[in-house]
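Q: Just a sequence and a predicted model for now, questions to come.
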Amino acid sequence: MSDCECGFDIGDRVSFAGGEGELVKANHRPSGQCLLHILTDDDQSKKLPAAVVDLIDSSDTLLQKGEFDDPDRFNLRAKAAELDLAHRQDRFVALENNRIDIAPHQVKAAHQILTSYDHRYLIADEVGLGKTIEAAIVIEELAARGQADRVLIVAPAPLTTQWQEELREKFDTNYVIYDRDYVEAKKDAYPAENVWSHENRIITSIDFAKQEDMRSALKNVQEDWDIALFDESHHLTARREGKRGVDKTDRYRVGEAVSETSDGLLFLTGTPHNGKRDQFYFMISLLDPYRFRDEHDVDKEGLRDLMIRRLKDEMYEADGSPMFPEKNIQTLPVEFTPEERQLYDDVTEYITEYYNLASREENDAAGFAMVLYQKRLVSSIYAIQQSLKNRMESIKAGGADPSDLSPITKSLLDEYREDPEMLTEAQREHVETELGGAVVSSDPDKIEEELAIVRDLYNQAKAIPVDSKAERLREYVDGILEEDPDEKILIFTEYTDTLEYLKGRVFGDRDIAEIYGDLSQSQRQQQFKKFEGPANVMLATDAAREGLNLQFAHIMVNYDLPWNPTRIDQRIGRLHRYGQQETVEIRNLFFKDTRESIILERLLEKIDEIEETLGMSSDVLGLVLDDVDLEDQIMSALATGQSPDAVVDDLEAIVEDQEEAVRRVDDELLIRDKFDLSEEDKEILDIVEESGADTVSDEDVAYLVKTVCQEFGGGLRNVRPGPAEDGGDVFDLVVPSQLTGDDIESRYDSATFDRENALVDETLEFITLDHPVVHSMMAYCLDTDAVGGQTAILTGGKQLETPGLFCNYRIGYLSGTGDTVTEKLVQVYVTPDGTTKTENIDITGGLPASAVGDHPSIDTVAGQAEELVSEADDVAQELINDLAQEAREDREREVRIRREHTENYFEYRMEDLEERIQQFEERDRSGEDMSAVLAKHRSQLAELREKKNTEMVRLKSEKQVVPDEPDLINMAVVIDAFEN
């Protein structure tokens, strides 16, 4: 106790209006008006006069005073502390706190990343293995452990909303999508602040982030990201330019900005390598700049703890059977009717003539329009009919001037030409609609001539009574459903026009599901449920080729094929994914004897052949076709009258040349992580099982919520059976009034603690450990002033030596940088004779504080409280030392690997600079003035040495594992309930 009248001393626990903390300094004054310096529990520093600060008695002081709380309050405080630490023990809590069935291979990937040194990884699993889920588990686990408050997700524009909805629906987490409208509103409201600092969980598109103002703000963000993620990371492209130069795209510069301001960093891609070593090296360098010296230094061994890549062909169940079934791809050939053949020939002749004219006029916009019409011609009669109608109306109105496109089309045009996959379906359709009206020539006579041709072709298309491809599709679907009325069939088309035609004219008598670009995420989910339920057929544009998991179906029809085979593989990935039990049947509808079909069919056969040879799949397409402009190949064949066989021969020669490059990349550079539930993989099953058994259960969460409501108001109302067959109850949760406000609502209707219920009905409020109301209750129960619970009288079973002192401790260890790495709750029991116990402490119940006078042994323990607590502290410290020792070896190994990479990187860079300095010195001695160049290079060498020293010092600190002081949560006197 302090000699000062204020009664405060350094180290005291104190409370004040709005919080609690520890007294770290006291300015004692004779007047008694002392000034106290307090480190608050949320790491803020406060200076307060002693008059407004209260001393919080320690548990042993309360014990000595004979002040006891109700056992329920004691247990509530202990349970809150236990739940608060649930994510600090290298085990998975997120496995139970979500609405998805997570596969063992996904847990293995997440576990590998979570136990890594710095959570920076390339996840390059093949399409259908669930990269999104693996990354989401990592983010949610880190967030729950208090290590991911700020999260940034960067994805192609078409996938941003999908990421937002997936994380909200599956993990109950909310992210804000940053686009121009949102950002401008924030800038107007907070003009002096960095816009990326306003939200802590952000999703944005790579093409929005690459804009100069956004990239600059990202580079200068004041508060670093705890973890960032780039989906489709192969778009972060940089190339070697000359011997030492680097040509970086704007997207790559976004990657640089985020890499420098993020602790953890995840890259996701199904096509990690396009055969170009320099591009792969530069992408990897964003994850770890010290891993490889240059592109020639990259090897599999160096990628082991940086890259995860599993292929479906190398995934096996516990019994040795393949995890993924076979694919059976066949062509459904379609014969033209004479009228259809005539239309095809006439439209192709028109397109060819005007495509060539556009080329001569260097009119790219009109040339794109002709390519578009050729694609729509072989999609459906209705699609080309609509295109001809639109073009006819555009020409009548004078035609669109290619040099006078709208600002939005101009802004999207480069992307449409170079990488249309990065545009949303709505953006692509907007560009195509505007380009479709672009005139080839400004000559009025030629415009009038084209109008006559287009009008005749439109009338010709409108007069065709039968669409043979549509009839062939209906025949195929009817045959399948006659054989099995419960079968599900997914039908892809590239165009919304064609989808509308199939919906109304072909399947007008069926209740079908449909997904296309204009649907919101909630509408997509409704259609998904419809296909999963009553609908036998789903019609989809390529808006559905990403993000839909339809493994309950196994039959897919490509009504038309995109002129980009990578998109075909993405379509197949909707069905050929984890959980698929049947052979995936793929049918490609082709018109016979058209150049397009011959070229595409032969090319796909060749790629299939390579896939079979190499045992590869999705990433093959990205490799072998990286430099092939298939649209140009097909249009050139049409425009010049080149035989499709000649085109295919040329393409096959290119593919065969690339095959060797693919083989070399796969052998030398790319990780192949086999998953076969061998001994190593079975450890993951143990982790899953332990996470379910040892971590927080729904019963733990239910206990906390129900007890808080019981003690402080609120409650569970209208309790009724849940929808799951083996599930628990559903109820309406009324929250105690003192906990409401901010993110906490006063009530949550249709809530459940049960995961099975939440999986069956996604509209239920899933009350898990990570739910805001549970977080609020935990914080409230750990507030001593509000709840108490520091002391209690408990009763022990007959196997427990009584009386004794029962203590709950928070124990853990720190890294050398002072960060808390792992914490857990432990129990220590000490008897007056010095016997200690840390396991199997048999507590049977508790007594009210009024029972003190009835049990003399309570006074016995209370009188020795200070000594017993000291003994318990020593035991807790031993437990901390054991915990830290377990972690020390793993941490030293991780840091050792990183130190080796860092030393190699800097040594290579410094040797290179020293060699150049030596050359310049020789030239300087021979009379050439190299002083400026020498000064520059010597400065660079000095900077490198300083940077290396800084990095090595940091790594040395990171390696340290320092036991923390045990933190006593509460303590109780334990007596024999039957003592007289």
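A: Looks like it came in fine.
Q: Where do the strands of the stretch 401-550 of the chain begin and end?
A: Taking DSSP state E, counting those that start in this stretch as the test, the strands found in the stretch 401-550 of the chain are 489-492, 513-515, 537-540.
Q: Could you pull up phi and psi at Glu362?
A: The phi and psi values for Glu362, taken as degrees, to the nearest 10, are phi 50, psi 40.
Q: Near it, how many other residues are there?
A: Residue neighbour count, defined by other CB atoms under 10 Å, stands at 9 for Glu362. The C-beta positions use only the backbone N, C-alpha and C, and glycine is treated the same way.
Q: go on, Asn390?
A: A total of 16 residues lie near Asn390 under the criterion other CB under 10 Å.
Q: now swap in Thr950 and tell me
A: Burial of Thr950, expressed as a neighbour count using other CB under 10 Å, amounts to 10.
Q: same question, Ala366
A: As a measure of burial, Ala366 has 24 neighbours, counting by other CB under 10 Å.
Q: That one sits in which helix or strand?
A: Assessed by DSSP states H and E, Ala366 sits inside helix 364-377.
Q: what about that helix, average pLDDT?
A: Taken as a whole, helix 364-377 carries a mean pLDDT of 82.
Q: With distance to Glu339, mean neighbour count and mean pLDDT added, can I get the strands of the stretch 401-550 of the chain in a markdown table?
A: As requested, the strands of the stretch 401-550 of the chain are exported to a markdown table (distance: least, CB to CB, whole Å; neighbours: other CB atoms under 10 Å; pLDDT from 0 to 100):
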| stretch | distance to Glu339 | mean neighbour count | mean pLDDT |
| --- | --- | --- | --- |
| strand 489-492 | 24 | 24 | 95 |
| strand 513-515 | 29 | 24 | 92 |
| strand 537-540 | 25 | 26 | 94 |
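Q: Dihedrals phi and psi, Glu801?
A: Dihedral angles of Glu801 (phi, psi; degrees, to the nearest 10) stand at phi -70, psi 120.
Q: Use 154 as the first number from now on
A: Sounds good: first residue 154 from here, last item Glu954.
Q: Isn't it up against Thr988?
A: Yes. With contact defined as CB atoms under 8 Å, Glu954 and Thr988 form a contacting pair (6.4 Å).
Q: So which of those two has more stuff around it?
A: Per other CB under 10 Å, whichever of Glu954 and Thr988 has more neighbours is Glu954, with 14 against 11.
Q: tell me the contacts of the more buried one?
A: Applying CB atoms under 8 Å, 6 or more residues apart in numbering, we find Glu954 in contact with Thr984, Thr988.
Q: And the pLDDT for it?
A: Residue-level confidence at Glu954 comes out at 91, pLDDT.
Q: Please apply the same query to Leu823.
A: Per-residue confidence (pLDDT) for Leu823: 66.
Q: and Asn741, that one's in a strand?
A: Yes. Membership of Asn741 in a strand is supported by DSSP: H, G, I helix; E, B strand; the rest coil.
Q: where's it relative to Met788, distance?
A: Taking CB to CB, to the nearest Å as the criterion, Asn741 is separated from Met788 by 21 Å.
Q: quick one: which of these two has more around it?
A: In this view Asn741 and Met788 are compared by other CB under 10 Å, and Met788 has more residues nearby, 24 against 20.
Q: how about low-confidence regions in the stretch 704-853 of the chain?
A: Scanning the stretch 704-853 of the chain for pLDDT under 70 picks out 763, 766-781, 821-825, 827-849.
Q: how about a cut-off of 90?
A: Using pLDDT under 90 as the threshold, the predicted model of the stretch 704-853 of the chain has low-confidence ranges 704, 713-734, 743-853.
Q: contacting residues for Phe477?
A: With contacts defined as CB under 8 Å, 6+ apart, Phe477 is in contact with Gly281, Lys465, Asp466, Met468, His729, Arg730, Tyr731, Gln733.
Q: Kindly recompute the last result at 10 Å.
A: Residues in contact with Phe477, defined by CB atoms under 10 Å, 6 or more residues apart in numbering, are 279, 281-282, 464-470, 729-733, 737, 770.
Q: tally of neighbours for Asp1035?
A: Here the number of neighbours of Asp1035 (other CB under 10 Å) works out to 11.
Q: Correct me if wrong: it contacts Pro1116.
A: Yes. Taking CB atoms under 10 Å as the definition, Asp1035 is a contact partner of Pro1116 at 9.4 Å.
Q: residues shared between the contacts of these two?
A: Both Asp1035 and Pro1116 are contacted by Ile964, under the criterion CB under 10 Å, 6+ apart.
Q: Please flag which of the contacts of Phe477 sit within strands.
A: Secondary-structure check on those using DSSP state E: residues within strands are Val737.
Q: Can you turn the buried part of the contacts of Phe477 into a ChimeraX selection?
A: Only the buried members of those end up in this ChimeraX selection, burial being decided by 16 or more other CB atoms under 10 Å:
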select :279,281,282,464,465,466,467,468,469,729,730,731,733,737,770
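Q: and the contacts of Phe477, which of them are in helices?
A: Using DSSP state H, no member of the contacts of Phe477 falls in helices.
Q: what's the span of stretch 416-430 from first residue to last?
A: Distance across stretch 416-430, first residue to last, is 26 Å (CA to CA, to the nearest Å).
Q: Sketch out the low-pLDDT regions of the stretch 504-653 of the chain for me.
A: Looking at the stretch 504-653 of the chain by pLDDT under 90, you get 504-534, 540, 543-604, 607, 618-620, 647-650.
Q: which residues of it fall in helices?
A: Remark: helices assigned in the stretch 504-653 of the chain by DSSP state H, counting those that start in this stretch are 517-530, 534-549, 560-571, 578-588, 597-615, 621-636, 649-654.
Q: how about Asn353, what does it touch?
A: For Asn353, the residues meeting the contact criterion (CB under 10 Å, 6+ apart) are Ala296, Ala301, Asp302, Arg303, Val304, Leu305, Tyr328, Val329, Glu376, Trp378, Asp379.
Q: quick revisit: mutual contacts of Glu954 and Thr988, please.
A: Common neighbours of Glu954 and Thr988 (criterion: CB under 10 Å, 6+ apart): Tyr982.
Q: Helix, strand, or coil at Val1014?
A: Under three-state DSSP, the three-state class of Val1014 is helix.
Q: nearest residue to it other than its sequence neighbours?
A: For Val1014, ignoring the flanking residues on the chain, the nearest one in space by CB to CB, 6 or more residues apart in numbering is Val1126 at 4.5 Å.
Q: tally of neighbours for the residue lying closest to Thr893 once chain neighbours are set aside?
A: Sequence neighbours aside, Ser899 is the residue nearest to Thr893 in space, at 4.8 Å (criterion: CB to CB, 6+ apart). Other residues near Ser899 number 13, with proximity taken as other CB under 10 Å.
Q: if I pick Ser899, what's in contact with it?
A: Residues in contact with Ser899 (CB under 10 Å, 6+ apart) are Gly867, Leu886, Val887, Val888, Pro889, Ser890, Leu892, Thr893.
Q: and those, which of them are in strands?
A: Secondary-structure check on those using DSSP E: residues within strands are Leu886, Val887.
Q: Give the ChimeraX command for selecting the buried subset of the contacts of Ser899.
A: Restricted to buried positions by 16+ other CB under 10 Å, the ChimeraX selection for those reads:
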select :867,886,887,888,889,892,893
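Q: I figured Asp466 was touching Glu764, is that so?
A: Yes. Taking CB under 10 Å as the contact criterion, Asp466 and Glu764 are neighbours in contact, 8.9 Å apart.
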